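[1] Any chance you could fold what I've pasted below:
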Amino acid sequence: MQNFIITKNQSIEFVEKLDKLLLKSYTTKKSLEVLDEVFTEDELEYFKYYAKNASLVLSSKDSVNKVAESLKNCIQEMITIELELSFVPTVKTLSNISELVGENTLLDITVNPQIVGGAIIKQSGVVTDYSLAKQVNYERF
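    Numbers count the residues shown, from 1 in each chain. Model (predicted):
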């Protein structure tokens, strides 16, 4: 459950849903019912899991809003690693990479077939090139 949000795009989509939930909660008295309207089953499961781990009870509109704001802040504070790959990664590949980089890290994936294989990793302004294209060019000269 800890690696529910793996990519930057997933985080953007989920934060948009949290914003939608918060907006809808201002126009309705029953924000608990709005949860089913806003989230998929898996997303709702994650929302409840997060609330439980944060010792927050989803019993009222205010508590739902508190969980949504807390989760939104948590997502926005995650570290982003830019990862340039030569292929579109599968869900399993993303999950494996996510386990390697640890919790609270988002992957910003770019596909670039010109790197042939391997990866180019960018984090905090540091670029590390593990691409096959770099190795081939290096060995040529």
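[2] excluding its backbone neighbours, what's nearest Lys72?
    Spatial nearest neighbour of Lys72, chain neighbours left out: Leu18 (4.7 Å); criterion: C-beta to C-beta, 6 or more residues apart in numbering. For every residue, glycine as well, the C-beta is placed using N, CA and C.
[3] dump the residue contacts of the one you found.
    Applying C-beta atoms under 8 Å, 6 or more residues apart in numbering to Leu18 gives the contacts 68, 71-72, 75.
[4] and what of Ser70?
    Per C-beta under 8 Å, 6+ apart, neighbours of Ser70: 50, 54, 56.
[5] quick one, domains of the protein?
    8-76, 79-140 (automatic domain parsing).
[6] Any chance of CSV for these, columns mean pLDDT?
    Shown next, in CSV, are those (pLDDT from 0 to 100):
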stretch, mean pLDDT
domain 8-76, 89
domain 79-140, 88
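[7] Quick one: the strands in the protein, in order.
    Secondary structure of the chain (DSSP state E): strands at 79-85, 105-111, 119-123, 126-129.
[8] Including distance to Phe39 and mean neighbour count, could the ones you listed go into TSV?
    Shown next, in TSV, are the strands of the chain (distance: least, C-beta to C-beta, whole Å; neighbours: other C-beta atoms under 10 Å):
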stretch	distance to Phe39	mean neighbour count
strand 79-85	23	17
strand 105-111	19	17
strand 119-123	30	17
strand 126-129	36	10
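[9] Out of the ones you listed, which gets nearest to Gln10?
    Closest to Gln10 of those is strand 105-111 (C-beta to C-beta; 7.9 Å).
[10] Which neighbouring elements make contact with the closest one?
    helix 8-27, strand 79-85, helix 91-101 (3 or more C-beta pairs under 8 Å, 6 or more residues apart in numbering; DSSP states H and E).
[11] list the contacts for Ile109?
    7-8, 83, 85, 89, 94.
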